[in-house]
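1. need a structure here:
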Amino acid sequence: MSKIAKQTEEWMGNFGDRYTKRNALTVDEANKSYKKRFGISKIELNSLFLGKLDRAIKILEVGSNIGNQLLLLQRMGFKNLYGIEINSYAIEFFRKRAKDISVVQGSAFDIPFKDKFFDLVFTSGLLIHIAPTDINIVMEEIHRCARKYIWGFEYYAEEYSEIVYRGKKNLLWKADFPRLYCNFFEDIELIKEKRLKYSHNDNLDIMFLLGKKSD
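-> Residues are numbered from 1 along each chain as shown. This next block holds a predicted model:
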């Protein structure tokens, strides 16, 4: 089985269902969890990167799970929000709690939207679950669908590092994802990044905003 097929099978099946159930926080709980972990709430952190953007821009989250990241953006006043998620249980959960946010089932390896359909495309804890051999496919899809901005929040490491995840290999990696984007695409530039240290250990996450130079 290819790594893409393995990843897809895992996240579509019981493994993905269990992940969703473990992380089924309310929007308030999700926002406050960042405060506990990093000393800043998620809305506060989002505002550092997106605060000046027009609230009418069209935004897609790739790997939206139950929708907390999109719901937090909705609280900030963003209106045109979309999600793509591979796990059907997560989508069902999402649709019960979200109003005026469109979510479709699909894969990050083949995003079902036209080129440059969104002003901004983002991931939050999605790229870390893509094998290094396949990351270019997902980044190319994100780049293809984004007209202006690519935004991300992911685990950080200077070099690609695999981590055993829930007793499984080939499912979790840390990397310098904004550097990977900039290395892959000549038309991408780094607008802003922030590395966030965990309050209880020395691990780092990174939030980054990239822009397309041509538009």
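2. In the chain, what residue spans correspond to strands?
-> Per DSSP state E, the chain has strands spanning 58-62, 80-85, 101-105, 118-124, 146-156, 161-162, 173-174, 188-197, 204-212. These are given in chain order.
3. For K36, which of the ones you listed is the nearest?
-> Among these, strand 188-197 comes nearest to K36, with 12.3 Å by Cβ to Cβ. To be clear about C-beta, it is placed using only N, CA and C from the backbone, and glycine gets the same treatment.
4. Flag the shaky bits of the chain, pLDDT-wise.
-> Low-confidence segments of the chain, defined by pLDDT under 70, are located at 1-3, 5, 215.
5. With mean neighbour count and distance to L71 as extra columns, can I get the strands of the chain in JSON lines?
-> Formatted as JSON lines, the strands of the chain follow (neighbours: other Cβ atoms under 10 Å; distance: least, Cβ to Cβ, whole Å):
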{"stretch": "strand 58-62", "mean neighbour count": "24", "distance to L71": "10"}
{"stretch": "strand 80-85", "mean neighbour count": "23", "distance to L71": "9"}
{"stretch": "strand 101-105", "mean neighbour count": "17", "distance to L71": "7"}
{"stretch": "strand 118-124", "mean neighbour count": "24", "distance to L71": "12"}
{"stretch": "strand 146-156", "mean neighbour count": "22", "distance to L71": "15"}
{"stretch": "strand 161-162", "mean neighbour count": "13", "distance to L71": "31"}
{"stretch": "strand 173-174", "mean neighbour count": "21", "distance to L71": "26"}
{"stretch": "strand 188-197", "mean neighbour count": "15", "distance to L71": "21"}
{"stretch": "strand 204-212", "mean neighbour count": "20", "distance to L71": "18"}
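6. could you dump these to a markdown table with distance to L48?
-> Written out in a markdown table, the entries for these read as follows (distance: least, Cβ to Cβ, whole Å):
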| stretch | distance to L48 |
| --- | --- |
| strand 58-62 | 17 |
| strand 80-85 | 19 |
| strand 101-105 | 23 |
| strand 118-124 | 14 |
| strand 146-156 | 11 |
| strand 161-162 | 26 |
| strand 173-174 | 22 |
| strand 188-197 | 7 |
| strand 204-212 | 8 |
